[in-house]
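**Q** take a look and give me a structure for this.
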Amino acid sequence: MRDILTNFNVRDFLTSLANGDLNIATEFVWVIIATALSMVGGAIGGMLLAGKDIGYQFSAMLGALFAPAGVIPAIILGLAVLDLLTNY
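**A** All right, here's what the predicted structure looks like:
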């Protein structure tokens, strides 16, 4: 574990991620984080909306599968707008 944190490439990546620098690697990480969080939120929302009707596990699975369909394009569009605005 100590070797991972002392590696220059990993340290540079973590610094750019913490500073808010937008490059292809940090944008990819933010899309992955947003997708995971939207899956959790979609599962919770599916359980609240249709848990009693179709079962809690099935509604959580459907919510987790359909939630990233709306989040991923919005995150990519938002990151592209942020990337354009940082140039001005």
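
**Q** run through the protein and note the low-pLDDT ranges.
**A** Applying pLDDT under 70 to the chain flags the ranges 1, 4-5.

**Q** most centrally placed residue in it?
**A** For the chain, the residue nearest the mean C-alpha position is Ala34 (1.5 Å; C-alpha atoms, centre = their mean).

**Q** how about that one, phi and psi?
**A** phi -70, psi -40 (degrees, to the nearest 10).

**Q** I figured it hits Ile76, correct?
**A** No - here Ala34 lies out of contact with Ile76, judged by C-beta atoms under 8 Å, at a distance of 9.4 Å. From N, CA and C alone the C-beta is placed, and that goes for glycine too.

**Q** so who does the residue nearest to the centre of the chain touch?
**A** With contacts taken as C-beta atoms under 8 Å, 6 or more residues apart in numbering, Ala34 has the following neighbours: Val71, Ile72, Ile75.

**Q** for ChimeraX, what selects the buried ones among the residues you listed?
**A** Below is the selection syntax for ChimeraX that covers the buried ones among the contacts of Ala34, with 16 or more other C-beta atoms under 10 Å defining burial:
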select :71,75
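
**Q** if you count neighbours, what's buried in the helix or strand encompassing Val81?
**A** Element membership of Val81, judged by DSSP states H and E, is helix 56-85. Under the neighbour-count criterion of 16+ other C-beta under 10 Å, helix 56-85 has Ser59, Ala60, Leu62, Gly63, Ala64, Ala67, Pro68, Val71, Ile75, Leu79 buried.
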